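>>> let's see this in three dimensions:
(one chain, ligands or ions: 1)
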Amino acid sequence: MSLKKAILNSLFKNNQTKSLIKEFYYPELGPGMMWEKCQEIITSKGGTVYLNTKVNQIYHQNNHIQKISFQQENQTFDLQADYFISSMPVTALVLRLEPSAPSPVLQAARSLKYRDFLIVALIIDAVDLFPDNWIYIHSPEFQVGRIQNFKNWSPAMVPDSGKTCLGMEYFCSQGDKVWSMSDRELIDIASQEIVALGLLLNREKIEDATVIRQLKAYPVYDEEYRQHLQVLQYYLKTFDNLQTVGRNGMHHYNNQDHSMLTGLLAARNIMGEKNDLWEVNTERSYYEEFVIKPEKTQIAITG
Ligand SMILES: Cc1cc2nc3c(=O)[nH]c(=O)nc-3n(C[C@H](O)[C@H](O)[C@H](O)COP(=O)(O)OP(=O)(O)OC[C@H]3O[C@@H](n4cnc5c(N)ncnc54)[C@H](O)[C@@H]3O)c2cc1C
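Numbering: from 1, shown residues only. Model (predicted):
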């Protein structure tokens, strides 16, 4: 919200515009529940969902995707289809095309960059440490970038209500100092930092911890990304039965709602609509400010 608008709102008690959402639906055990339900619906309608399955090759001819080759453990299979929608990183998609994409397209794909991420989950013997869902840490003397308090998103995410689980988030790049630390070192740093920040008084209260690493968590917007992405967009548009969706699928800083919207619009395109998926989420101010109707429940949107 602009400062001017914030002051006017507070003076005239105009609360139609909000910059922070106070109420939202959150799945009891986290967003994964939506995808478990989705899988259930697809399966109940006779569809198949393959998990732990890696697409290795995407075969095409005359601007048409013919089939994909995928791997489950050590076995590979082929799958033919009329239409293909891809949410894997767009760079990975282009590098898997068979025959290979032209070299300027491969070059553009190799030039797009990603930011990686890891989270150290600390299980703490404390009922309630602070009321926030998350806290951003900007201070240069700390390596942690954000702290999640999972119990405040949903109490069911911490099975023992006497404990708290904090997610200490570190934004990093594969191979850098933070990424390369052992789990033990990371747990040690996270434990030191939560105490140094004053959010936990006594380190002895930390009962257990685990580390989860996630490659390609964020598409990087550097000076050149737009021109590289345009090369990929133009090339991929030449295929008559392929659409890319989602965050890394479009190298676009989409949140979950926008990622889902691109998927829905892609499905409608197959049914005959003509939606331009690249037009979804082009307005960043969406995140900073929006007008609500009173008494309408909001869905949480985050960065
Ligand atoms: C730390 C963090 C916090 C976030 N918090 C929020 C939040 O609070 N709210 C919100 O709305 N959004 C949040 N987001 C964003 C949200 O997670 C993404 O917008 C969303 O998950 C993108 O969905 P997607 O389907 O495009 O991609 P993904 O969920 O990344 O799915 C892509 C899938 O493709 C698979 N894949 C990749 N390569 C292959 C291959 N070769 N073969 C087969 N499969 C492959 C991957 O394994 C993955 O399962 C957050 C993101 C991060 C990183």
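
>>> going forward, measure contacts and count neighbours with C-alpha atoms only.
Will do.

>>> phi, psi of the closest residue to residue 277 other than its chain neighbours?
With sequence-adjacent residues excluded and distances taken as Cα to Cα, 6 or more residues apart in numbering, residue 277 is closest to residue 262, at 5.7 Å. Dihedral pair for residue 262: phi -60, psi -40, per degrees, to the nearest 10.

>>> low-confidence ranges, the stretch 1-150 of the chain, go.
Scanning the stretch 1-150 of the chain for pLDDT under 70 picks out the ranges 1-21.

>>> need the helices for it, in chain order.
Using DSSP state H, counting those that start in this stretch, the helices of the stretch 1-150 of the chain run over residues 3-12, 32-44, 90-95, 103-111, 150-153.

>>> report whether the third one contacts the ligand.
No. Using Cα under 6 Å from any ligand atom as the criterion, no contacts between helix 90-95 and the ligand are found, and the smallest distance is 6.6 Å.

>>> mind starting the numbering at 29 from now?
In the new count, where the first residue is 29, that last one comes out as helix 118-123.

>>> can you tell me what sits against that helix?
Residues from elsewhere that reach helix 118-123 (Cα atoms under 8 Å, 6 or more residues apart in numbering): 86, 114, 129, 133-134, 137-138, 140, 260, 272, 276-279.

>>> restricted to strands, list those residues.
Under the assignment DSSP state E, the contacts of helix 118-123 contribute 86, 114, 272 to strands.

>>> what residues are up against the closest residue to the second one other than its chain neighbours?
Pointing back at residue 114 there. Closest residue to residue 114 apart from its sequence neighbours, by Cα to Cα, 6+ apart: residue 272 at 4.7 Å. Neighbour list for residue 272: 113-115, 118, 278 [criterion: Cα under 8 Å, 6+ apart].

>>> any chance of those in TSV, plus neighbour count?
Below are those laid out as TSV (neighbours: other Cα atoms under 10 Å):
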residue	neighbour count
113	15
114	17
115	18
118	24
278	25
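
>>> closest to the ligand out of those residues?
Of all the contacts of residue 272, the ligand sits closest to residue 115, with 5.0 Å by Cα to the nearest ligand atom.

>>> ok, which residues in the chain are in contact with the ligand?
81-84, 115-116, 245-246, 274-277, 282-285, 287, 329-331.

>>> buried subset of those as a PyMOL selection?
Buried subset of the residues of the chain next to the ligand, written as a PyMOL selection, criterion 16 or more other Cα atoms under 10 Å:
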select buried, resi 83+84+115+116+245+246+274+275+276+277+282+283+287
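
>>> could I get the full set of helices for the stretch 179-328 of the chain?
205-208, 211-224, 253-264, 284-298, 313-316.

>>> redo these as CSV? Include mean pLDDT.
Formatted as CSV, these follow (pLDDT from 0 to 100):
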stretch, mean pLDDT
helix 205-208, 97
helix 211-224, 98
helix 253-264, 97
helix 284-298, 95
helix 313-316, 44
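
>>> could you dump those to JSON lines with distance to residue 61?
As requested, the helices of the stretch 179-328 of the chain are exported to JSON lines (distance: least, Cα to Cα, whole Å):
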{"stretch": "helix 205-208", "distance to residue 61": "29"}
{"stretch": "helix 211-224", "distance to residue 61": "28"}
{"stretch": "helix 253-264", "distance to residue 61": "32"}
{"stretch": "helix 284-298", "distance to residue 61": "13"}
{"stretch": "helix 313-316", "distance to residue 61": "24"}
